[in-house]
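> build me a model:
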Amino acid sequence: MAKKKSPYFDDFNRMVECSCKAAEHLKKTLREFSPDTFEEKCELMHQIENEEDDIKHEMMERLVKEFIPPIDREDIIDMSHHLDNVTDKIEEIVMRMHMYNVQTLRADANTYADIIVKMCDKLKIAVEEFSNFHKSTTLKEKIIEINTIEEEGDRLYMTAVRELFEQESDPMQIFAWSKIFDLMEDCCDACEHVANVMEMVIMKNG
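The predicted structure follows:
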């Protein structure tokens with residue numbers, strides 16, 4: 001039986017809060033786009049990512065000593081891995097923009113950042129409900145909402161990449177933005193993977 005007071009569920013909540021902070025930082029970075037400040041933006045993002053890594057490490061240390069965890073060990077590991085991956089992918093977007101010396105912002109990048117923020121916000125609501133998965137009447141609905149937003153991200157990805165190849169002639173810009181849009185899509189996929197783990201836990205313990 002899942003224990004509502006289990007520290008693992010608290011850890012999941014703390015991790016998803018880091019993902020939400022990272023998503024908001026990405027959105028702000030793109031809204032206030034300035035190549036001159038990207039090194040500073042990368043450092044701030046890295047601090048968020050490190051905070052989440054610390055939470056994950058604490059959780060893994062506890063799990064090693066845990067006799068009977070509230071859900072399967074594999075599910076705890078998968079949840080922590082995919083939550084961490086969300087923030088890792090968001091951080092990599094900012095890092096790649098800095099590495100590729102991006103000087104102009106494509107409009108679709110801002111739209112994509114909005115989707116990533118929305119997806120992380122929905123994920124946060126679902127993760128907060130996860131400790132109550134045995135009795136929750138809303139968790140499945142929240143998981144469906146995450147899947148729906150991921151499909152929205154898929155559509156934007158196809159549009160953004162097609163327009164990139166239609167409108168851009170500079171091969172370096174095509175290379176850089178292809179990689180950046182790939183990472184944005186990876187962020188959405190990572191959020192969906194967290195939702196899939198929660199769905200699997202519901203099915204296994206139903």
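
> so which residue is dead centre in the chain?
residue 86 (2.7 Å; C-alpha atoms, centre = their mean).

> my guess is that residue contacts residue 195. True?
No - between residue 86 and residue 195 there is no contact under C-beta atoms under 8 Å: 10.9 Å. For the C-beta atoms, the positions are set from N, CA and C on the backbone; glycine is no exception.

> now do the shared contacts for the two.
residue 123 (C-beta atoms under 8 Å, 6 or more residues apart in numbering).

> now the residue lying farthest from the centre of the chain, what's its secondary structure?
Residue farthest from the centre of the chain, counting by C-alpha atoms, centre = their mean, is residue 169 at 31.3 Å. Following DSSP: H, G, I helix; E, B strand; the rest coil, residue 169 is assigned to coil.

> how much space separates it from residue 54?
45 Å (C-beta to C-beta, to the nearest Å).

> need the contact list for the nearest residue to residue 100 once chain neighbours are set aside.
Once flanking residues are discounted, residue 100 sits nearest to residue 176: 4.0 Å by C-beta to C-beta, 6 or more residues apart in numbering. Residue 176 makes contact with 96, 100, 102, according to C-beta under 8 Å, 6+ apart.

> tell me the secondary structure at residue 176.
Assigned with three-state DSSP, residue 176 falls in the helix class.

> distance of it from residue 205?
Distance from residue 176 to residue 205, by C-beta to C-beta: 45 Å.

> which ones are touching the residue nearest to the centre of the chain?
Contacts of residue 86 by C-beta under 8 Å, 6+ apart are 16, 19, 22, 120, 123, 187, 190, 191, 194.

> tabulate the residues you listed (a markdown table), appending distance to residue 67.
Below are the contacts of residue 86 laid out as a markdown table (distance: C-beta to C-beta, whole Å):
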| residue | distance to residue 67 |
| --- | --- |
| 16 | 26 |
| 19 | 30 |
| 22 | 34 |
| 120 | 33 |
| 123 | 30 |
| 187 | 36 |
| 190 | 31 |
| 191 | 32 |
| 194 | 26 |
